[in-house]
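A.B. asks: What follows is a predicted protein model with its sequence.
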Amino acid sequence: MRIVLGVGGGIAAYKAALLLRLFTEAGHSVTAVPTEAALKFVGKATWEALSGKPVRTDVFEAVETVNHVRLGHEAELVVVAPATADLIARAAGGHADDLLTNTLLMAHCPVLLAPAMHTEMWRNPATQANVALLRERGVHILEPAVGRLTGPDTGPGRLPEPEEIFAAALALVIPQEGASSEEAAHDAADRLSADRALEGLAGSDLVGRRVIVSAGGTREPLDPVRFLGNRSSGKQGAAVARAAVAAGANVTFVAAHIDVPPPVGVDVVRVDSALELREAMLAHAPGADVIVMAAAVADFRPSERLSSKIKKRDDAADPVIALVRNPDILVDLVRRRDNDEPRQLIVGFAAETGDAGGSVLEYGMAKLTRKGCELLVLNEVGADDAGQERVFGQERNSVLILSRDGGGSERVAGSKDEVARAVVRRIAREVAQRTGAAQHGGTSQ
Ligand code: CTP
């Protein structure tokens, strides 16, 4: 694919060099078009060496090739990273004062801008209006990442990581399974934008924190080809991991069986059975600030894993599968935490149904106490009024966030991403309180 990589004049220009490599290593032909200002940060030689193509910034260079017309016209994808406030303003104004803005005007392929600037510049109404205008015209614009900026300041304005821009850019042109390219394009950009648009989490207490999220359903092996599994899709856990990344956390995503791709920007650890999940969680727990157990762990596993496939034989009785209890990973994590790192925050998930013995809330509170975690995200399972199965594999969710210290329960309904953001916001609040309490304790001693 022919890609034009526009580079604006910001310190994050060096990350565009890594992005260029990702594109070329994936077999794409990339023409780098830096602005004059970008060359103050990363020189022409770098772009030429990495792309294997001459680099120009001005429309009056290589005039005989009608470069400014050709580049935009032939491009199958244009990605601009970093897109500075000035470059966004010039693009929104339809300027054509250098080769990059000319190319943007000529392009009729998908265009993705990855902004990077100081938080104040990003939040400035002028920039926001320019972004809104460009989006209205069909330009895809990522929300900037939240985190450490060039100076001592933190907040939204960081260039998303090259891998993230790479994935979002390719999703615009390579249709995802089961979706039209138009849908995929919108989904990818909107999802990333929505995930990053976490007002209230900007500069939150999760920036730079280590968060571990488990997700998906475990598979308990019976023999080499069969397992006992459950219907967890991993969507809610993946959404929590994505929201934590968007809030600036370093996220380890421990994935049992999931029906969705792991979110961009996490470290993925794959596991299969409950025992493997336990091992992975305990291995990653030390030093983590937050642990979220969203995985659906099988309570039981076959008492033995047969080394060869169970055969059906007409003369033999139907097999009986004996089960044994799996360890409770959440309880083990809480125990480890209590011994070693009392500040670690642990969050459980639970799916409950009410019955004659108690309400969903009562069962939820009892489970929270039993497990010893700080927060429990409680799902009500079963069919809803329309007979639709709730929770498993569905896009929407309705949960109660329960807190052990009686900090009040919160009901959240919405898409799994919306629920995830509410959960992450609540986690950030708890982390802030702990940090505040620790600082307070420190000064009073
Ligand atoms: N969990 C766990 N290890 C298990 C079972 C559950 O870590 N062996 C975790 C889940 O990841 C979840 C929480 O515990 O965060 C509650 O899961 P749930 O299945 O509702 O709890 P159970 O203890 O299995 O309760 P129940 O007896 O109601 O099935």
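C.D. replies: Looks like it arrived, so ask away.
A.B. asks: CA only for contacts and neighbour counts going forward, please
C.D. replies: Fine.
A.B. asks: Who are the contact partners of the residue lying closest to residue 250 once chain neighbours are set aside?
C.D. replies: Among residues not flanking residue 250 along the chain, residue 210 sits closest, at 4.9 Å (Cα to Cα, 6 or more residues apart in numbering). By Cα atoms under 8 Å, 6 or more residues apart in numbering, the contact set of residue 210 is 249, 250, 251, 252, 287, 288, 289, 290.
A.B. asks: tell me the phi and psi of the first one?
C.D. replies: The one in question is residue 249. In terms of degrees, to the nearest 10, the main-chain angles of residue 249 are phi -80, psi 160.
A.B. asks: Verify the stated contact: it with residue 240.
C.D. replies: No. If you go by Cα atoms under 8 Å, residue 249 and residue 240 don't touch, sitting 11.3 Å apart.
A.B. asks: which helices and strands does the helix ranked longest in the chain pack with?
C.D. replies: Assignment by DSSP state H gives helix 416-444 as the longest helix of the chain. For helix 416-444, the contact count by 3 or more Cα pairs under 8 Å, 6 or more residues apart in numbering; DSSP states H and E identifies helix 235-246, strand 396-403, strand 410-415 as packing neighbours.
A.B. asks: and among the ones you listed, the most buried is which?
C.D. replies: helix 235-246 (a mean of 29; mean count of other Cα atoms under 10 Å).
A.B. asks: now that one against strand 396-403, angle please.
C.D. replies: In terms of direction (axes from the mean of the first three to the mean of the last three Cα atoms, to 10 degrees), helix 235-246 departs from strand 396-403 by 70 degrees.
A.B. asks: got a list of contacts for helix 235-246?
C.D. replies: With Cα under 8 Å, 6+ apart, helix 235-246 has contacts from 145-146, 195-198, 206, 211, 213-216, 250-251, 253, 258-260, 262-266, 294-295, 393, 416-417, 420-421, 423-424.
A.B. asks: and the end-to-end length of stretch 402-410?
C.D. replies: Length of stretch 402-410, first residue to last, Cα to Cα, to the nearest Å: 7 Å.
A.B. asks: Could you show which parts of the stretch 151-300 of the chain are in contact with the ligand?
C.D. replies: 293, 294, 295, 296, 297, 298, 299 (Cα under 6 Å from any ligand atom).
A.B. asks: give the contact list for the last one.
C.D. replies: The neighbourhood of residue 299, defined by Cα under 8 Å, 6+ apart, consists of 325, 326, 327, 328.
A.B. asks: hmm, 6 Å instead?
C.D. replies: 325, 326 (Cα atoms under 6 Å, 6 or more residues apart in numbering).
A.B. asks: what does the second one give?
C.D. replies: Taking Cα under 6 Å, 6+ apart as the definition of contact, the neighbours of residue 294 are 214, 215, 237, 349.
A.B. asks: Check the first one too.
C.D. replies: When the contact criterion is Cα under 6 Å, 6+ apart, the partners of residue 293 are 214, 348.
A.B. asks: Report pLDDT for it.
C.D. replies: Residue 293 is assigned a pLDDT of 98 by the prediction.
A.B. asks: Give the helix, strand or coil label for residue 337.
C.D. replies: Here residue 337 is recorded as helix under DSSP: H, G, I helix; E, B strand; the rest coil.
A.B. asks: where does the nearest residue to it once chain neighbours are set aside sit relative to the ligand, distance-wise?
C.D. replies: Excluding its sequence neighbours, the residue lying closest to residue 337 (Cα to Cα, 6+ apart) is residue 344, at 6.5 Å. According to Cα to the nearest ligand atom, to the nearest Å, residue 344 and the ligand sit 16 Å apart.
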